[in-house]
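**Student:** need coordinates for the below:
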Amino acid sequence: MTGEVLLRNVIEEDLPIFYIHQIDPVAAQMADFPSREKEAFMAHWAKILADDSLVKMTVLYDGQVSGNVVCFDRDGEREVGYWIGNDYWGKGIATRALKALLDAVETRPLYAHVVKHNIGSQRVLEKCGFVKIREEGGDYIYLLDG
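**Tutor:** Below you'll find the predicted structure:
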């Protein structure tokens, strides 16, 4: 776990890097989330950037854009999510980035969805204090209550 992890606001220049991260077939399979075509991806992020109710932060690892962390409302619950580029896996970046986001977001409870086969993401959530509370389809639902 060497290297500095920092969060900053997402800027448009980050989006091409986020796009590359999400088209990685291994990452898409791990997240169980289909990659978007570039136009759809950019349109999706344009909506995210325009929505002030969302927390959206770029994750920097040693000054390099390595992913993003977000906090948003879904079906009346406040959720967190993150996407770290495959080249940055296994360095503790997701855990440190999520902890930094949790320090900045005071809202509780917070929820997270993670696909059952994504053991790494489950470990990230547990290291950050989330507890598995239920299954929903192919996902586990995690809760951070305090």
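
**Student:** C-alpha from now on. contacts and neighbour counts both.
**Tutor:** Fine.

**Student:** what's the worst-scoring helix or strand of the chain on mean pLDDT packed up against?
**Tutor:** Scoring the helices and strands of the chain by mean pLDDT, DSSP states H and E places helix 25-31 at the bottom, with a mean of 89. Contacting helix 25-31 under the criterion 3 or more Cα pairs under 8 Å, 6 or more residues apart in numbering; DSSP states H and E are the following elements: strand 110-115.

**Student:** name the helices or strands packed onto the strand it packs on?
**Tutor:** helix 25-31, strand 77-84, helix 119-127, strand 139-144.

**Student:** could I get those as CSV with distance to residue 13 and mean neighbour count?
**Tutor:** Converted to CSV, the helices and strands packed on strand 110-115 look like this (distance: least, Cα to Cα, whole Å; neighbours: other Cα atoms under 10 Å):
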stretch, distance to residue 13, mean neighbour count
helix 25-31, 21, 16
strand 77-84, 17, 18
helix 119-127, 26, 17
strand 139-144, 32, 19
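
**Student:** which one of the ones you listed lies nearest to residue 6?
**Tutor:** Comparing these against residue 6 with Cα to Cα, the closest turns out to be strand 77-84 (13.1 Å).

**Student:** quick one: mean pLDDT for the closest one?
**Tutor:** For strand 77-84, the per-residue pLDDT values average out at 96.

**Student:** I'd like the next helix or strand past it.
**Tutor:** Note on strand 77-84: by DSSP states H and E, the next helix or strand toward the C-terminus is helix 93-104.

**Student:** list the buried residues of that next one.
**Tutor:** 93, 94, 95, 96, 97, 98, 99, 100, 101, 102 (16 or more other Cα atoms under 10 Å).

**Student:** repeat for stretch 103-114
**Tutor:** Within stretch 103-114, the residues scored as buried using 16+ other Cα under 10 Å are 110, 111, 112, 113, 114.
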